[in-house]
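A.B. asks: give the three-dimensional model of this entry:
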Amino acid sequence: MATITKTLYDTDFAEWIAHTAELLRQGRFDTIDLEHVVEEIEDMGKSDFKAVQSQLRRTLTHLIKRKIQPERDGASWRVSIVGARREILHEFRFSPSLRRRLSDEMEEVYQEAVDDALEETELIERRADLGIPDACPFTLSRLLDSPIDSIRF
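C.D. replies: A predicted model of the protein is given here:
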């Protein structure tokens with residue numbers, strides 16, 4: 001590994017990217033900072049997955065708030081759900097495997113969304129009285145492919 005490449009990674013990330021891309025174009029694979037290239041590729045995948053997890057959590061949080069505070073349900077929550085679903089489906093077009101990974105994480109994301117909704121609404125103490133299921137009652141397909149008004153607890 002060339003010393004300049006490693007130093008460049010640590011001191012000027014944007015320049016490191018440009019330099020590494022040029023080395024790849026030239027076929028100079030023996031001079032590429034392979035360790036950092038691998039790290040960056042892995043981080044890109046993690047970033048995409050975290051983005052769809054976040055959007056799923058946003059969708060579930062608003063659905064839970066619709067259940068526990070139906071009097072506050074309105075256009076802004078609906079728009080948030082629509083936008084989050086759109087973002088998730090957009091990512092799936094480019095990375096279809098994210099659908100399976102996200103489906104595998106549904107329960108964990110649901111639990112986080114329950115916590116978020118209860119915190120936002122300041123109803124933590126009333127959780128037992130609110131009828132929130134302990135386990136996620138939805139499949140990922142139902143959340144993403146069904147009309148919003150049909151997704152109810």
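A.B. asks: for the lengthiest helix in the chain, give the mean pLDDT please.
C.D. replies: Counting by DSSP state H, the longest helix found in the chain is helix 34-68. Taken as a whole, helix 34-68 carries a mean pLDDT of 91.
A.B. asks: and it, how far from the chain's centre?
C.D. replies: 2 Å (Cα atoms, centre = their mean, to the nearest Å).
A.B. asks: so where is the chain shaky, pLDDT-wise?
C.D. replies: 1-6 (pLDDT under 70).
A.B. asks: about what we covered before: which elements pack onto the longest helix of the chain?
C.D. replies: For helix 34-68, the packing partners by 3 or more Cβ pairs under 8 Å, 6 or more residues apart in numbering; DSSP states H and E come out as helix 3-11, helix 75-94, helix 97-104, helix 106-121, helix 140-145. All C-beta atoms are positioned from the backbone trio N, CA, C, and that covers glycine.
A.B. asks: deepest-packed of those, please.
C.D. replies: Of all those, helix 106-121 has the most neighbours on average by mean count of other Cβ atoms under 10 Å, namely a mean of 17.
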